[in-house]
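Colleague: Let's see this in three dimensions:
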Amino acid sequence: MAQRSGPPPIVFIAALIALLGGGYWFFFMRNQASAPVATDTPVNTTQTGSTSTPTGINTTISAAFPLPASVPAGTSVRIDGSTSMVTVNENLRQGFQRQFQGANVNTSAGGSDKGIQDLIAGKVDIAAVSRPLTSSEQAQGLTAVPIANDAIAVVVGKNNPFSAGLTIAQVSDIFQGKVNNWSAVGGTAGTIRVINRPAISGTNKSFQELILKGANFGTTPNIATLPRDATTPLLQALGTDGIGYATYAQVAKQQTVRVVPIDGLTPDSSSYPYQRTLYYVYKTPASPAAQAFIGYATSTSGQQALIGS
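Modeller: Reported below is the predicted structural model:
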């Protein structure tokens with residue numbers, strides 16, 4: 001009887017098992033390895049595209065600066081910018097210094113443009129800005145990180161006899177100088193004295209884009225522009241016949257002024273028309289101080305401090 005030549009059957013069985021195992025890995029395990037992995041790492045929305053209106057911000061999702069585990073004692077964070085962000089800055093300053101003992105945060109409020117100028121010059125680590133960056137500012141290496149949402153309130157003095165609301169069109173006409181008498185908007189006859197913010201103000205620019213739709217402020221005799229961007233002098237100047245505007249957070253609890261409803265809506269309504277985003281801006285590469293503070297500001301603990309809780 002002739003003997004069978006070649007490898008025993010067990011060899012073929014082993015080869016078949018190996019082939020099937022390799023195929024399984026190739027078609028199943030490789031696909032799992034290439035699938036996206038879910039992560040709990042937080043991300044920030046940063047402004048990278050050019051835009052001229054707060055309602056049309058171009059954004060991309062990028063990795064946030066992480067909340068630092070610790071901050072070296074003696075770390076100093078310098079912030080300058082929008083008067084609209086005074087409360088935001090103060091709440092975050094207190095929270096940051098409380099969480100990171102030995103760190104120090106210095107804040108100023110010279111206006112959005114001043115903050116950006118100081119940031120470019122290296123005088124501050126962060127600019128607090130109440131408007132989107134221009135394409136020119138972005139070209140200089142600046143990046144804006146959204147920190148909070150805000151509303152611009154239209155205000156009159158508490159003792160102003162005008163007690164009604166205004167429409168969007170009426171507000172625009174008043175600040176362009178097309179309407180200058182209270183009787184034209186349902187009030188008692190008398191000149192409407194408009195108190196405007198200076199052009200360096202981010203709130204001024206946001207108001208111009210949101211309310212005036214890019215048109216210029218009026219130059220009629222009843223319109224006065226403050227020499228510096230500050231809310232307290234503006235509110236004091238309203239008297240019984242003035243009208244102005246400010247970030248809602250700064251006037252919501254004021255006892256000397258009244259917030260004017262716009263189209264029947266107040267700034268605490270989700271449908272209120274004059275809403276915008278507030279930003280912290282850093283210059284690339286961000287300083288360690290800027291990374292630490294923005295990482296804190298966009299963290300859960302920072303957002304809790306932001307609302308004063």
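
Colleague: The stretch 51-200 of the chain: strands as residue ranges?
Modeller: 59-63, 76-81, 104-107, 126-129, 142-157, 193-196 (DSSP state E, counting those that start in this stretch).

Colleague: which of these sits most buried?
Modeller: Neighbour counts (mean count of other CB atoms under 10 Å) averaged over each of the strands of the stretch 51-200 of the chain peak at strand 126-129, with a mean of 30. Quick note: C-beta positions are derived from backbone N, CA and C, even for glycine.

Colleague: what sits against the spatially closest residue to N160 that is not a sequence neighbour?
Modeller: Closest residue in space to N160, ignoring its immediate chain neighbours: T240 at 5.2 Å, by CB to CB, 6 or more residues apart in numbering. By CB atoms under 8 Å, 6 or more residues apart in numbering, the contact list for T240 reads G157, N159, N160, P161.

Colleague: Which of those residues has the largest number of neighbours?
Modeller: N160 (23 neighbours; other CB atoms under 10 Å).

Colleague: Do I have it right that that one meets L238?
Modeller: Yes: between N160 and L238 there is a contact at 7.2 Å, judged by CB atoms under 8 Å.

Colleague: Quick check: Q236 vs Y279, distance?
Modeller: 28 Å (CB to CB, to the nearest Å).

Colleague: List the buried residues for the helix or strand where Y282 lies?
Modeller: Secondary structure assigned from DSSP states H and E places Y282 in strand 275-283. For strand 275-283, the neighbour count (16 or more other CB atoms under 10 Å) marks Q275, R276, T277, L278, Y279, Y280, V281, Y282, K283 as buried.

Colleague: Low-confidence stretches in the chain?
Modeller: 1-64, 308-309 (pLDDT under 70).

Colleague: Swap in 80 and give it another go.
Modeller: Where the chain drops to pLDDT under 80, the residues are 1-64, 307-309.

Colleague: how about the buried residues of strand 275-283 in a markdown table, adding distance to T232?
Modeller: Below are the buried residues of strand 275-283 laid out as a markdown table (distance: CB to CB, whole Å):
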| residue | distance to T232 |
| --- | --- |
| Q275 | 23 |
| R276 | 21 |
| T277 | 24 |
| L278 | 19 |
| Y279 | 23 |
| Y280 | 24 |
| V281 | 25 |
| Y282 | 29 |
| K283 | 30 |
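
Colleague: and the two most separated of those residues?
Modeller: Q275 and K283 (27.3 Å; CB to CB).

Colleague: all helices for the protein, in order.
Modeller: 9-24, 30-34, 86-99, 112-120, 135-139, 168-175, 202-210, 231-237, 248-251, 288-297, 300-306 (DSSP state H).
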